[in-house]
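[1] no sequence on this one, just coordinates:
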């Protein structure tokens with residue numbers, strides 16, 4: 001909500017327009033839910049979030065965070081990247097993603113930007129993660145699957161199962177996603193990481 005004043009001095013409330021990427025993502029999630037004849041409460045309970053939070057995500061007025069993406073995909077019985085993938089217009093391909101046609105992932109965290117590197121048919125979720133100085137995840141999180149990454153630029157402080165690692169350009173990592181993990185850029189320049197994740201809905205649902 002944004003409050004302004006009219007020329008007569010009366011308070012006027014204006015609705016903020018949700019980002020288009022959030023709106024499109026919300027529509028895909030709602031379509032997937034309705035296609036499976038599932039109610040809001042059913043999906044919210046399976047994903048471990050509130051009905052209100054799911055409703056806001058579907059309406060595009062709340063951004064979907066990474067830690068919610070995997071359990072929500074599991075609740076819908078779909079691959080996580082299928083919720084993020086756009087149509088195959090503008091140079092899209094089943095096996096290739098052109099640099100000029102990467103899709104931004106509408107997941108907003110403090111100073112973090114993510115681009116989807118993997119094509120729609122991939123069983124892996126490849127991301128280009130950019131982290132501004134002194135920014136990162138707010139707290140540790142976990143989900144099913146495995147992760148691999150390599151730092152392309154700058155440095156990042158990666159915490160895995162309470163162990164802190166300072167990684168610089170050229171350093172790489174791999175770990176099971178069920179371990180609590182978080183990351184933060186402690187450097188003075190923007191950090192870039194190629195981050196690859198693999199997770200199946202049934203693994204997420206079973207807590208593997």
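    The structure has been received and is ready for your questions. Here the structure is a predicted model, which is why all the values come from computation and not from measurement.

[2] What are the contacting residues of stretch 37-46?
    Here stretch 37-46 makes contact (CB atoms under 8 Å, 6 or more residues apart in numbering) with 33, 50-51, 53-55, 58, 71-72, 74-76, 205. Yep, even glycine has a C-beta here, placed from its N, CA and C like the rest.

[3] I'd like to know how far the residue nearest to residue 78 when sequence neighbours are not counted sits from residue 165.
    Closest residue to residue 78 apart from its sequence neighbours, by CB to CB, 6 or more residues apart in numbering: residue 32 at 5.9 Å. Distance of residue 32 to residue 165, computed by CB to CB, to the nearest Å: 36 Å.

[4] Quick check on these two: which one has the bigger neighbour count.
    Shown here are residue 32 and residue 165; by other CB atoms under 10 Å, residue 32 has more neighbours (19 against 12).

[5] any idea how far the more buried one lies from residue 104?
    On the measure of CB to CB, residue 32 and residue 104 end up 20 Å apart.

[6] Now the one residue sitting closest to the centre of the chain: phi and psi?
    When CA atoms, centre = their mean is applied to the chain, the residue found nearest the centroid is residue 66 (3.4 Å). Main-chain torsions, residue 66, degrees, to the nearest 10: phi -60, psi -40.

[7] any low-confidence regions in the protein?
    1-18, 85-94, 106-108, 120-121, 199-208 (pLDDT under 70).

[8] per the record, what domains does it have?
    14-84, 99-205 (automatic domain parsing).

[9] From the chain's centroid, how far away is the first one?
    What it means is domain 14-84. Chain-centre distance of domain 14-84: 11 Å, with CA atoms, centre = their mean, to the nearest Å.

[10] for stretch 118-134, same thing?
    Here the centre of stretch 118-134 is set off from its chain's centre by 9 Å, with CA atoms, centre = their mean.

[11] how about it: buried residues?
    Burial within stretch 118-134, assessed by neighbour count using 16 or more other CB atoms under 10 Å, is assigned to 118-120, 122, 125-131.

[12] what helix or strand is residue 56 on?
    Using DSSP states H and E, residue 56 maps to helix 51-58.

[13] That helix packs against which elements?
    Here helix 51-58 touches helix 20-35, helix 40-47, helix 66-76, going by 3 or more CB pairs under 8 Å, 6 or more residues apart in numbering; DSSP states H and E.
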